[in-house]
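Asks: how would this look folded up:
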Amino acid sequence: MEIVIITNLLATFFAFLESKKILKNGLILTFVVLFLFLSIRYDFGNDYISYVNIFKEISEGTIKIDFEDSNAIEIGWVYLCKLFIPFGFYSMVAFLALANCFVFFHFVKKYVPVKYYWISIFIYLFNPFLFLVESSSMRQTTALLLFLYSIEFIINRNFFKFIGIIILASLIHKSAIILLPTYFIVSPGMITKKIISIYVSLFVFTFLFGEIIFNTINPYINLYFNKYSVYSETIEEAKFGTGLGFLVLIFFFGSLLYYSNGETGKLTVILKMGLFYYAIYPFCIYFPMFGRVQMYFQPIIIITMPLLIQKIENPIYKKVFIFIIIFYYLYIFIEFFNTSLWSSFNVYKTILFVY
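Replies: Have a look, this model is predicted:
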């Protein structure tokens with residue numbers, strides 16, 4: 001845990017220095033630090049060793065591509081592993097770390113005002129379900145990176161390129177196929193009061209009827225995603241943030257609704273994604289596996305939060321808002337490390353000491 005904290009603080013500090021115009025390339029240094037952390041990690045997170053074993057089985061030819069077996073490893077991941085067999089598993093981890101840092105660097109650079117780089121990086125690192133959990137779920141994170149790349153195609157209304165990227169992502173993690181309607185759900189255009197009311201209604205509906213919906217569709221969902229059915233059995237584990245955290249979430253959602261109203265331009269796609277992320281959050285309480293879908297939209301908050309802060313004109317309210325962000329994410333960061341489900345993140349190990 002200590003290494004994670006030091007890495008987070010150092011990376012956020014470099015971003016802070018660029019935000020304050022003290023260091024010109026602070027954001028680059030931020031992602032250099034994160035690349036080093038990600039590229040040499042070993043047995044860090046819940047899924048790392050399972051990926052080692054999958055890579056080994058693919059190398060030995062014991063894993064076959066089977067389109068009829070819903071439990072089979074996706075073909076895209078199989079071929080990605082095959083590509084790195086001559087170089088070894090650690091080289092693939094380093095490559096994915098580089099891809100992760102490259103995509104998130106450009107994501108922040110493109111959409112976040114410079115003076116709020118540090119807020120964006122702070123949220124990315126101290127929300128453990130972003131940087132940390134994503135470092136463990138390698139296949140879905142690879143699909144997520146492709147989805148983030150595809151956002152530009154939504155903004156520019158390039159339907160076929162978007163569809164192509166999402167299909168490619170689904171070949172790496174089949175859950176990505178659910179993202180196909182995103183092109184229409186978050187299309188560019190003014191965020192009107194009617195659109196705001198739709199997101200509010202979606203939030204209320206999922207909050208009131210989420211459990212009923214879960215009990216109804218869960219058996220059918222598991223026909224396609226049955227190898228992830230374990231997530232449907234961990235509802236209690238998933239609820240540790242539904243008290244104070246749920247109230248803060250409503251506060252963030254309400255603030256985004258208020259300041260997004262009347263927004264025009266290309267950023268409406270980003271803001272709508274943020275609204276959708278919060279609107280479907282209650283459903284994840286009853287249906288933890290749906291968090292697999294929400295995970296694709298979660299990185300959007302590292303963009304929407306700085307944009308929100310920039311829109312707040314009252315300096316006192318702005319400081320209060322920043323304080324709430326820092327307090328909330330530090331709180332869930334600490335809670336994360338005190339939860340047995342995530343104990344595999346407590347000790348950071350590297351490939352330098354494997355042998």
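
Asks: Any idea which helix or strand in this structure has the lowest mean pLDDT?
Replies: Lowest on mean pLDDT, DSSP states H and E among the helices and strands of the chain sits helix 235-238, with a mean of 38.

Asks: what's the average pLDDT for the helix or strand just after it?
Replies: Proceeding N to C from helix 235-238, the next assigned helix or strand is helix 244-260, under DSSP states H and E. Averaging pLDDT along helix 244-260 gives 88.

Asks: in helix 244-260, what counts as buried?
Replies: Neighbour-count burial for helix 244-260, counted by 16 or more other C-beta atoms under 10 Å, picks out 245, 248-249, 252-253, 255-257, 259-260. In this view, the C-beta of every residue, glycine as well, is placed from N, C-alpha and C.

Asks: Closest one of those to Phe107?
Replies: Leu256 (18.0 Å; C-beta to C-beta).

Asks: show me the contacts for the closest one.
Replies: By C-beta atoms under 8 Å, 6 or more residues apart in numbering, the contact set of Leu256 is 271, 274-275, 278, 304, 308.

Asks: what's around the nearest residue to Lys349 once chain neighbours are set aside, how many residues?
Replies: Nearest residue to Lys349, sequence neighbours excluded (C-beta to C-beta, 6 or more residues apart in numbering): Tyr42, at 4.7 Å. Using other C-beta atoms under 10 Å, Tyr42 has 16 other residues around it.

Asks: For Tyr42, list the residues it contacts.
Replies: By C-beta under 8 Å, 6+ apart, the contact set of Tyr42 is 48, 349-351, 353-354.

Asks: tell me which residues in the strand or helix carrying Ile324 are buried?
Replies: Using DSSP H and E, Ile324 maps to helix 315-337. For helix 315-337, burial by neighbour count (16+ other C-beta under 10 Å) applies to 321-322, 325, 328-329, 332-333, 336.

Asks: What of stretch 298-310?
Replies: Here stretch 298-310 shows 298-309 as buried, counting by 16+ other C-beta under 10 Å.

Asks: Return the distance of Ile351 relative to Phe89.
Replies: 9 Å (C-beta to C-beta, to the nearest Å).

Asks: Tyr199 now?
Replies: For Tyr199 relative to Phe89 (C-beta to C-beta), the value is 42 Å.

Asks: ok so, going back, could the buried residues of stretch 298-310 go into TSV alongside secondary structure?
Replies: Below are these laid out as TSV (DSSP: H, G, I helix; E, B strand; the rest coil):
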residue	secondary structure
Gln298	helix
Pro299	helix
Ile300	helix
Ile301	helix
Ile302	helix
Ile303	helix
Thr304	helix
Met305	helix
Pro306	helix
Leu307	helix
Leu308	helix
Ile309	helix
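
Asks: can you list the residues you listed in TSV and add distance to Val114 and pLDDT?
Replies: What follows is the buried residues of stretch 298-310, written out as TSV (distance: C-beta to C-beta, whole Å; pLDDT from 0 to 100):
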residue	distance to Val114	pLDDT
Gln298	23	91
Pro299	19	93
Ile300	19	94
Ile301	19	94
Ile302	14	95
Ile303	13	95
Thr304	17	94
Met305	15	94
Pro306	10	94
Leu307	13	92
Leu308	16	92
Ile309	13	93
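
Asks: Same list (those residues) but as JSON lines, adding distance to Tyr116.
Replies: Compiled in JSON lines, the buried residues of stretch 298-310 are given as follows (distance: C-beta to C-beta, whole Å):
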{"residue": "Gln298", "distance to Tyr116": "18"}
{"residue": "Pro299", "distance to Tyr116": "16"}
{"residue": "Ile300", "distance to Tyr116": "15"}
{"residue": "Ile301", "distance to Tyr116": "13"}
{"residue": "Ile302", "distance to Tyr116": "10"}
{"residue": "Ile303", "distance to Tyr116": "10"}
{"residue": "Thr304", "distance to Tyr116": "11"}
{"residue": "Met305", "distance to Tyr116": "8"}
{"residue": "Pro306", "distance to Tyr116": "4"}
{"residue": "Leu307", "distance to Tyr116": "8"}
{"residue": "Leu308", "distance to Tyr116": "10"}
{"residue": "Ile309", "distance to Tyr116": "6"}
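
Asks: Considering those, which is situated nearest to Lys82?
Replies: Distance to Lys82, by C-beta to C-beta, is smallest for Pro299 among the buried residues of stretch 298-310, at 28.3 Å.

Asks: In this structure that closest one contacts Phe129, no?
Replies: No: the criterion here is C-beta atoms under 8 Å, and Pro299 misses it with Phe129 at 10.2 Å.

Asks: How many neighbouring residues does the closest residue to Ser59 other than its chain neighbours have?
Replies: Sequence neighbours aside, Ile85 is the residue nearest to Ser59 in space, at 5.1 Å (criterion: C-beta to C-beta, 6+ apart). Using other C-beta under 10 Å, Ile85 is surrounded by 15 other residues.

Asks: Over to the one 4 residues further on?
Replies: The criterion is other C-beta under 10 Å. On that basis, Phe89 has 19 neighbouring residues.

Asks: Could you check the pLDDT of the residue nearest to it when sequence neighbours are not counted?
Replies: Once flanking residues are discounted, Phe89 sits nearest to Phe55: 4.5 Å by C-beta to C-beta, 6+ apart. Looking at Phe55, its pLDDT is 92.

Asks: show me what contacts Ser187?
Replies: Counting by C-beta under 8 Å, 6+ apart, Ser187 makes contact with 154, 157, 269.
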